[in-house]
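1. Take this sequence and fold it.
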Amino acid sequence: MTEITAHHGLLRDTKLHVDDHGGTGRPVVLLHGWPLSGESWKPQLPALRQAGHRAITYDRRGFGRSDKPLTGYGYDTLAEDLHTVLRELDVHDATLVGFSMGGGEVARYLANYGPDRVRSVVFAAAVTPYMMHTPDNPEGPLAPAAAAKMAAGLTADRDRFFDGFITEFFSVGGQLKVTEQQRQEALALTRQAGKIPALECLTAFGNTDFRDNLAEITVPALVLHGDGDATVPFDGSGRRTHAALPGSRLVVLPGAPHGCNVSHPDAFNHALLDFLAD
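-> Model prediction:
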């Protein structure tokens with residue numbers, strides 16, 4: 001466990017909580033989804049360690065145990081935070097694994113900083129290429145009215161909103177695909193999120209267009225997605241991300257919800273480790 005200063009401010013530095021889980025093999029940097037924290041990767045850490053990888057997780061600014069400034073939630077700043085983590089930990093030849101919102105950070109990082117430190121990337125249930133349904137993005141799976149409803153619900157009653165969101169996060173067709181204990185563990189992570197950061201990131205991942213960023217990716221890529229994902233639907237996200245990355249590998253997890261790394265850990269870990277072995 002360590003803290004890395006991601007940004008030096010006039011009034012206050014922004015510190016990120018980082019967990020370097022060790023291992024002497026190639027590093028794997030895991031970027032969590034909204035509105036969770038690096039602890040959401042617990043089902044993957046034993047498998048990565050057993051395979052000898054150096055697994056690194058960190059809490060995005062505004063979430064988990066990291067600082068919660070009022071600003072800095074656009075993807076350029078979030079990609080800068082990732083760059084700082086890689087630089088401070090002297091990470092090279094890494095695989096970046098971006099889950100949900102984290103997939104956008106992976107795409108923007110490579111666009112802004114290039115592949116010098118990166119061997120390969122994984123887009124897991126990721127929000128790429130562009131979530132919002134607009135006239136020039138008709139396949140976008142997030143309708144403006146639905147995004148506004150989410151923001152209003154989070155603003156009005158944070159606890160009630162997150163309870164419903166996490167239930168959908170782990171459900172397919174109204175059926176919960178994890179245990180109630182696992183749902184409660186994820187719900188506890190949402191309570192560590194700052195309300196303003198959660199709202200700002202909701203806007204960021206819903207409205208950021210990563211299509212040009214994906215076009216710049218040249219490293220090997222895995223697209224990993226559940227076909228029952230109701231939060232970031234496969235057809236509007238994973239399928240399109242795979243199409244935008246020539247030569248990328250696609251693994252679809254049958255019957256898996258958005259939180260597929262928790263609901264289907266064996267299949268998720270198998271796909272990830274198989275990709276890492278190349």
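2. CA atoms for contacts and neighbours, from now on please.
-> Noted.
3. Which phi and psi values does Leu273 adopt?
-> Dihedral angles of Leu273 (phi, psi; degrees, to the nearest 10) stand at phi -70, psi -30.
4. Who are the contact partners of it?
-> Taking CA atoms under 8 Å, 6 or more residues apart in numbering, we find Leu273 in contact with 48, 51.
5. any idea how far it is from Val262?
-> Using CA to CA, to the nearest Å, one obtains 16 Å as the distance from Leu273 to Val262.
6. now swap in Phe268 and tell me
-> Phe268 is 9 Å from Val262, by CA to CA.
7. Isn't Leu82 up against Tyr109?
-> Yes: under the criterion of CA atoms under 8 Å, Leu82 makes contact with Tyr109 at 7.4 Å.
8. send the alpha carbons of stretch 131-150 over as CSV?
-> This file holds the C-alpha atoms of stretch 131-150, laid out as CSV (Å, rounded to 0.1, in the frame of the first residue of the first chain):
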residue,chain,number,x,y,z
MET,A,131,-21.7,5.7,-24.7
MET,A,132,-24.1,8.6,-25.4
HIS,A,133,-26.7,8.1,-28.1
THR,A,134,-26.4,11.1,-30.4
PRO,A,135,-27.2,11.9,-34.1
ASP,A,136,-23.6,11.0,-35.0
ASN,A,137,-23.4,8.1,-32.7
PRO,A,138,-26.7,6.3,-33.2
GLU,A,139,-25.4,3.0,-31.8
GLY,A,140,-24.6,4.7,-28.5
PRO,A,141,-26.4,2.6,-25.8
LEU,A,142,-27.0,5.5,-23.3
ALA,A,143,-30.0,7.7,-24.1
PRO,A,144,-29.7,11.3,-22.9
ALA,A,145,-32.9,10.9,-20.9
ALA,A,146,-31.5,7.8,-19.1
ALA,A,147,-28.3,9.7,-18.3
ALA,A,148,-30.3,12.6,-16.9
LYS,A,149,-32.4,10.2,-14.8
MET,A,150,-29.2,8.6,-13.3
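9. Residues in contact with that stretch: which ones?
-> Stretch 131-150 is contacted by residues 130, 161, 205-209, 232-233, 236-237 when judged by CA under 8 Å, 6+ apart.
10. what does stretch 228-236 contact?
-> Residues from elsewhere that reach stretch 228-236 (CA under 8 Å, 6+ apart): 100, 125-127, 131, 139-141, 168-169, 171-173, 225-227, 254-258.
11. what's the burial count for Ala277?
-> For Ala277, the neighbour count with other CA atoms under 10 Å is 7.
12. Quick check: phi and psi on it?
-> When read as degrees, to the nearest 10, the backbone of Ala277 gives phi -70, psi -20.
13. Show the pLDDT at it.
-> For Ala277, the pLDDT comes out at 96.
14. CSV for the contacts of stretch 131-150, including pLDDT and neighbour count?
-> Listed next are the contacts of stretch 131-150 as CSV, based on pLDDT from 0 to 100; neighbours: other CA atoms under 10 Å:
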residue, pLDDT, neighbour count
Tyr130, 98, 25
Phe161, 98, 16
Phe205, 98, 26
Gly206, 98, 21
Asn207, 98, 17
Thr208, 98, 17
Asp209, 98, 19
Val232, 98, 26
Pro233, 98, 23
Gly236, 98, 22
Ser237, 98, 25
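15. Fine by me, we can end here.
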